[in-house]
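How does the following fold in three dimensions:
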Amino acid sequence: MIDDVTYVKMLIRKAAKRQLTEMEEEEVRLARCLYGAKAWFRLEVDAFCELECAKSPSASVDWRPAFARVRQRERREILRRRTRRIAPWLGAAAMSLAVIWSVGRWAPAAPEPMELGSNCHAQQWAADGEIPGSEFACTVHVDDSTSMVVSPGSQGRIGAIRNLEIRRQPDGTLSLSRIGNGLPADTAGMPVILIATHPYQQCSIALPDGTQLRLNAGSVLRYSLANLGRDTTSVWLQGQALVESPGKKGAKPTVNLILWTPDVELQVVSGTFTVLAERYQTRAVLLEGRLTMFSRWGDKREDLDFAGESVRMKRCCVDPKGREVTTEVEHGCLTRKQALAWTQMMREYENVPVREFVADMSRWHGFEVKNMDCIPDGPLVNAKVCYQASVGDVYAQLSMANVPMVERNGLVSFCKADVDLLQFRAPLRTPYDMGLLAAAADGDDCCGLDTPAMK
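Residues are numbered from 1 along each chain as shown. Model (predicted):
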């Protein structure tokens, strides 16, 4: 039985509640030897996080002392490995070794590559390794008065707004199709559709003009029915998306799609690109075709002509009246694999800055970050994160990367004023306040890396 991971985690949870029988205690001892120290630690983390998720609000069981014991044992194991390495050189200096032990006991461990999430098995993957469309989900809002939940099990016709029909196709795509030809002459009062993804959700959308968009978690797409009477489609996005615009047939190329974000205007004749639109900055990565990027404040224009070209525009530096007067521009280059990592079932992070890792994970898991600027620039993360991994796995990886953090009042904070350095290794609760977007509170710097709720 101890070769069954599910059974072993059940024993771990019973041990945390001190409910093991003598036979089960022997099984735990044998399992600990069978799995080894590192694998056993991961099993304990998974078991305790599952215990927390399954616990009812009125339950009195508290797994935190058990988790604290696990972390303490892990620190002792790291210390023993270090001591064995340095013993040949310090054997004659027993007092010095004792001092080093006292200091090293509280010293942070070096970041180690980890594979987060034990339920992301290769045999379940699609051929290209992407999150399957059968799991796509979202919520459709119409003029703040009507909401339609599109769950993974939804099929066929979802609803209709005037002459626009919404259907969920067998491949999981949410298609918006025009029905009939009549349109009012006055399009100013046409309904606006908002398609929102919550934490742990992605959604593929097909617009009437043939444009395809794939939204990541914590994103909102705004589409007006007035587009049905226009040659150029205009949409608004906050969050992260993969966009494919087929363009129009004809001798003279014309702009097929205009995509607005809080900071920029993107114009495309035809092409494929990704866009990450946050409150104070937008990054676009061209994969195919050509893309033009304008600052909404009129001071910058950038043309993306080569596959992999990346441009980030940051709104910054306001005048005394609060108006943005400059836009900072950063150029870069990303591979297709890097640009589309968020679409995969297993996301690989290799020497990634911890700030970027936290931004990705907060968007997917929906936990709020008080101020992203408080995250240190130095630590790097090496991890493979399954899209089904728990938020507890993410917190454990940040702890292994020696990033001090604390969770209070529904916010995860990395700011020195909030962090208790003597307790930062303690497990954090899953943030409970999840809004329409995976939100982050405003930072002090207008150029901060934030993902706030939509205004």
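
can we go C-alpha only for contacts and neighbour counts from here?
Fine.

helices and strands around the host helix or strand of Phe357, which ones?
Element membership for Phe357 (DSSP states H and E) is helix 354-365. On a contact count with 3 or more C-alpha pairs under 8 Å, 6 or more residues apart in numbering; DSSP states H and E, helix 354-365 meets strand 380-386, helix 391-400.

Please spell out which residues along it are buried.
Judged by neighbour count (16 or more other C-alpha atoms under 10 Å), helix 354-365 contains these buried residues: 354-359, 361-365.

how many degrees apart are it and strand 380-386 in direction?
Orientation note: helix 354-365 sits at an angle of 20 degrees relative to strand 380-386 (axes from the mean of the first three to the mean of the last three C-alpha atoms, to 10 degrees).

just the buried residues of helix 354-365 now: which is nearest Trp342?
Trp364 (9.0 Å; C-alpha to C-alpha).

quick one: the closest one from Gln202, how far?
Noted for Trp364: a distance of 9 Å to Gln202, by C-alpha to C-alpha, to the nearest Å.

Overlap in contacts, these two.
Common contacts of Trp364 and Gln202, defined by C-alpha atoms under 8 Å, 6 or more residues apart in numbering, comprise 216-217.

Please pull up the helix or strand immediately following the helix holding Phe357.
Under the assignment DSSP H and E, the closest C-terminal helix or strand after helix 354-365 is strand 368-369.

Please name every helix or strand in contact with that next one.
Using 3+ C-alpha pairs under 8 Å, 6+ apart: strand 368-369 touches strand 411-413.

Contacts for the strand it packs on next, please.
367-371, 374, 405-407, 419, 431.

Most widely separated two among these?
For the contacts of strand 411-413, the farthest-apart pair by C-alpha to C-alpha is Cys374 and Pro431; their separation is 18.4 Å.

Mind giving me the packing neighbours of the longest strand anywhere in the chain?
As assigned by DSSP state E, the longest strand anywhere in the chain is strand 233-245. If you count contacts as 3+ C-alpha pairs under 8 Å, 6+ apart, strand 233-245 packs onto strand 212-215, strand 220-224, strand 257-260, strand 271-277.

can you tell me the distance between the two ends of stretch 276-296?
This stretch, stretch 276-296, spans 16 Å end to end (C-alpha to C-alpha).

next one: stretch 364-372
First residue to last in stretch 364-372 (C-alpha to C-alpha) measures 16 Å.

rewinding a little: redo the buried residues of helix 354-365 as JSON lines? Include pLDDT and distance to Gly159.
Below are these laid out as JSON lines (pLDDT from 0 to 100; distance: C-alpha to C-alpha, whole Å):
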{"residue": "Val354", "pLDDT": "87", "distance to Gly159": "42"}
{"residue": "Arg355", "pLDDT": "86", "distance to Gly159": "40"}
{"residue": "Glu356", "pLDDT": "87", "distance to Gly159": "38"}
{"residue": "Phe357", "pLDDT": "89", "distance to Gly159": "37"}
{"residue": "Val358", "pLDDT": "90", "distance to Gly159": "37"}
{"residue": "Ala359", "pLDDT": "89", "distance to Gly159": "34"}
{"residue": "Met361", "pLDDT": "91", "distance to Gly159": "32"}
{"residue": "Ser362", "pLDDT": "90", "distance to Gly159": "31"}
{"residue": "Arg363", "pLDDT": "91", "distance to Gly159": "28"}
{"residue": "Trp364", "pLDDT": "93", "distance to Gly159": "27"}
{"residue": "His365", "pLDDT": "90", "distance to Gly159": "29"}
